[in-house]
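J.: I would like to see how this sequence folds:
(2 chains)
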Amino acid sequence: MRFSLDAEQRAFADSLDSMLTAADTPSVVRDWSHGDHASGRALWSRVAEAGVFSLAVPEEYGGVGVCPVELVLAFVELGRHAVPGPLVETVAAAALFTEPGPAAKGLLPPLASGEAMATLAPEGSYALDADVATTRLSLTPDGVRLAPGHGPLRTSLDPARRLAPLAPGGELLAAAPSVGHALAYARLTTAAQALGVGLALLDRTVAYVGQRTQFGVPIGSFQAVKHRLADAKIALEFARPVLLGAASTLAPADVAAAKVTACEAAYATARAALQLHGAIGYTAEYDLSLWLTKARALRTAWGAPQECRDVVVSGGDRRW
Amino acid sequence: MDLAFTQEEEAFRAEARDWLAAHVPTPLPSLETAEGFAAHRAWEAELAADRWSVVNWPEAYGGRDAGLIRWLIFEEEYWAAGAPGRVGQNGISLLAPTLFDHGTAEQRARVLPPMATGDVVWAQAWSEPEAGSDLASLRSRAVRSDGGWLLSGQKTWSSRAAFADRAFGLFRSEPGLPKPHQGLTYLMFDLRAPGVTVRPIGRLDGKPAFAELFLDGVFVPDEDVIGTPGEGWRIAMSAAGNERGLMLRAPGRFLAAAGRLRGLWTERGCPQHARGRVADALIGARAYQLFTYAAASRFLEGGSLGPESSLNKVFWSELDLALHETALDLLDGDGELADTDWSEGYVFSLAGPVYAGTNEIQRDIIAERLLGLPKGRR
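T.: Next up, the predicted model:
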């Protein structure tokens, strides 16, 4: 048992963090929210060049082999920088095709390289960013279909996310895709993204309460403020090993536990961040809003808290 | 990133499991009664006879040199087997690490073996009536005497002291220094020495789980001073770091309790109202296990656990309480009874957020030392 990251894994996360820090992601998120996707597509290519999507694709299809731990590390950074787009869906789409075949051969290489951007949803559910995605996959009772289009777009509480049902019908790509596997990857990477969102919210709030002065002192010196942030820190620091544990075992109960833990931690941190920023935090103009709204959206994406708790309590593959 | 144990570790797990299956007694009377204390002391001796009482200690002192990973494995098996609470816990997880770091070879050879067998059970003597969270303001004195020190003053909330043999704690040996944490000395003393009066205190359920200690000229020989006189605060804080750290509460304890809670919930017909709380107990126990595995891995790579141990202490104490509260709620009308399988654990869990540094103090440490927020008034 060696439950720690190696130097290479740490370096990978650090380099992604540096790249995204330099990319001025808040302005990209705002463009994306306004329906201007050019800067977001450019950032997508850079994320792909950094190797993120190839972590979800086997070597024979242009990836580096499926690496759940590295994927989790990457998605923490993507969440930390609020990168927009169907990131989770693209990874989950790749995970659908674990069996070699024509569908895998056609779909996976462009996903790995970043040329393609996939979204997917069970038939009748909302798919994320279906207007921007180049590959729209619909999970139907008879298999996975290439959806011919999408229905009306609805905005999310997170303005960087737009949701639409996929159009019915379309070419049947595979009759027995690995739906459980794809769901596990969707949950895992959503959880990782949520953890990154929570970490960003905590960092920004710690910085804010350290410089915001009232009654002649930084508000961060008040115990009521400290304890709220201490609780956020505890929740986030305990979510991290659950997430890495889930990436190590991929057991449904571990993945569900990671989803609950990371999303609850991120959401609690968002509430603390909003409260401690006061009115400025409640404005759309202030960048904190990019993470605040995402923490809410990720909570119910790919498995609401109660659904994930049910998986844990019902046992399934729980080994603990 | 590897959660798998080696073949040798799995063999160790199997050996522990087999031994426990053959030896774990039916539930003992409460540890916090004279009868229960004696029964738990006998259990310590039984563990020690086959070298299971302190598996991570060196063999010379009664351990197996098993290391941290095997200690974690042993604890998982121990609690899963429904084995009794450990009456030797204070000594084993607080005093022993201090002796390993700051004691002399003579002290280790003299103190550790009878601690491992339960022949000597240790109590803590930290808090005083006017020194709780602000522990450094303590006033009990250690005055230099021929060949040793004379202790006087009052200690309180001394866990296990009602029935224990010896105690360890901090005493002011040089009063009047500029800062309160200066001039303190770490000493061990006999609870039956002349000048010691032990007055048991009933905890919430009336059982004498702790005691007040009145000290009136109690002689302590020099050989029972740990480290340099006057350096007690630094030495004690390294123990407190340990106390709040990995070894005070093993993850196995909460994994077993969460598993039992799930069993209770199932017996009760899987009521919907408690489903989420049962799931949260299971998830919390798993989170604590994985957090501890990560910390243990850092240790093995040469890292340390500093203020991070405050995260740990808040987490397990709140998990333990929530888990027991859920169990009592599941018992419906029986939840208020004092003799259910859950009542003793519930009463014990109520103290968790208070002892070993209150959770408020821990949150201050997290905010100031991990997040870097400015110090302010407590």
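J.: Relative to chain B, how far out is residue A:144?
T.: Distance of residue A:144 to chain B, computed by Cβ to the nearest Cβ, to the nearest Å: 30 Å. C-betas here are computed from N, CA, C, even on glycine.
J.: wait, what's in contact with that residue?
T.: By Cβ atoms under 8 Å, 6 or more residues apart in numbering or on different chains, residue A:144 lies in contact with A:96, A:103, A:120, A:137, A:138, A:172, A:173, A:174, A:177.
J.: now swap in residue A:171 and tell me
T.: With Cβ under 8 Å, 6+ apart, residue A:171 has these contacts: A:145, A:146.
J.: Tell me what it is bridged to.
T.: residue A:146 (DSSP bridges).
J.: Which pLDDT value does the model give it?
T.: Note for residue A:171: predicted pLDDT of 96.
J.: And residue A:123, how far from residue A:144?
T.: Separation of residue A:123 from residue A:144 (Cβ to Cβ, to the nearest Å): 10 Å.
J.: Alongside chain B, which residues does the stretch 1-150 of chain A contribute?
T.: Selection of the stretch 1-150 of chain A residues close to chain B by Cβ under 8 Å from any Cβ of the partner chain yields A:1, A:2, A:3, A:4, A:5, A:6, A:9, A:69.
J.: what's the closest residue in space to the fourth one that isn't next to it in sequence sitting at in phi/psi?
T.: Excluding its sequence neighbours, the residue lying closest to residue A:4 (Cβ to Cβ, 6 or more residues apart in numbering or on different chains) is residue B:297, at 4.1 Å. For residue B:297, the backbone dihedrals (degrees, to the nearest 10) come out as phi -60, psi -40.
J.: wouldn't residue B:297 be in contact with residue A:3 here?
T.: Yes: between residue B:297 and residue A:3 there is a contact under Cβ atoms under 8 Å: 4.6 Å.
J.: between those two, which one's more packed in?
T.: The neighbour count for residue B:297 versus residue A:3, taken as other Cβ atoms under 10 Å in any protein chain shown, is higher for residue A:3 (22 against 19).
J.: Surely that one touches residue A:242?
T.: No: if you go by Cβ under 8 Å, residue A:3 and residue A:242 don't touch, sitting 11.5 Å apart.
J.: shared neighbours, those two?
T.: residue B:290.
J.: thinking again about what came up before, anything in contact with each of residue B:297 and residue A:3?
T.: With Cβ under 8 Å, 6+ apart, residue B:297 and residue A:3 have no common neighbours.
J.: quick revisit: mutual contacts of residue A:123 and residue A:144, please.
T.: Common neighbours of residue A:123 and residue A:144 (Cβ under 8 Å, 6+ apart) are residue A:138.
J.: which residues in the stretch 1-150 of chain B form strands?
T.: B:122-125, B:141-145, B:148-159 (DSSP state E, counting those that start in this stretch).
J.: re earlier: switch the residues of the stretch 1-150 of chain A next to chain B over to JSON lines; also include secondary structure.
T.: As requested, those are exported to JSON lines (DSSP: H, G, I helix; E, B strand; the rest coil):
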{"residue": "A:1", "secondary structure": "coil"}
{"residue": "A:2", "secondary structure": "strand"}
{"residue": "A:3", "secondary structure": "coil"}
{"residue": "A:4", "secondary structure": "coil"}
{"residue": "A:5", "secondary structure": "coil"}
{"residue": "A:6", "secondary structure": "coil"}
{"residue": "A:9", "secondary structure": "helix"}
{"residue": "A:69", "secondary structure": "helix"}
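J.: Whichever of those residues end up buried, select them in ChimeraX.
T.: Restricted to buried positions by 16 or more other Cβ atoms under 10 Å in any protein chain shown, the ChimeraX selection for the residues of the stretch 1-150 of chain A next to chain B reads:
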select /A:1,2,3,4,5,9,69
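J.: how about low-confidence regions in chain A?
T.: Applying pLDDT under 70 to chain A flags the ranges A:316-319.
J.: ok, which residues in the stretch 201-350 of chain B are in contact with chain A?
T.: Residues of the stretch 201-350 of chain B lying near chain A (Cβ under 8 Å from any Cβ): B:255, B:262, B:265, B:275-276, B:278-280, B:282-283, B:285-291, B:293-294, B:296-298, B:300-301, B:308, B:311, B:314-315.
J.: Tell me where the chain has helices.
T.: All of this refers to chain A. A:7-22, A:25-33, A:38-49, A:68-80, A:87-96, A:102-113, A:179-211, A:223-249, A:252-277, A:288-300, A:305-313 (DSSP state H).
J.: not what I meant, chain B
T.: B:7-23, B:34-49, B:67-80, B:89-90, B:96-102, B:105-117, B:232-243, B:251-267, B:272-300, B:309-330, B:343-351, B:359-365.
J.: Any of the residues of the stretch 201-350 of chain B next to chain A buried? List them.
T.: B:255, B:262, B:265, B:275-276, B:278-280, B:282-283, B:285-291, B:293-294, B:296-297, B:308, B:311, B:314-315.
J.: Apart from its chain neighbours, what residue comes closest to residue A:313?
T.: residue B:279 (4.3 Å).
J.: If you could redo that for residue A:296, that was the one I meant.
T.: residue A:157 (5.3 Å).
J.: Can you report phi and psi for that neighbour?
T.: In terms of degrees, to the nearest 10, the main-chain angles of residue A:157 are phi -60, psi -30.
J.: From chain B, how far out is it?
T.: 23 Å.
J.: dump the residue contacts of the nearest residue to residue A:15 once chain neighbours are set aside.
T.: In space, and not counting its chain neighbours, residue A:15 is closest to residue A:50: 7.2 Å by Cβ to Cβ, 6+ apart. By Cβ under 8 Å, 6+ apart, residue A:50 lies in contact with A:15, A:16, A:19, A:74.
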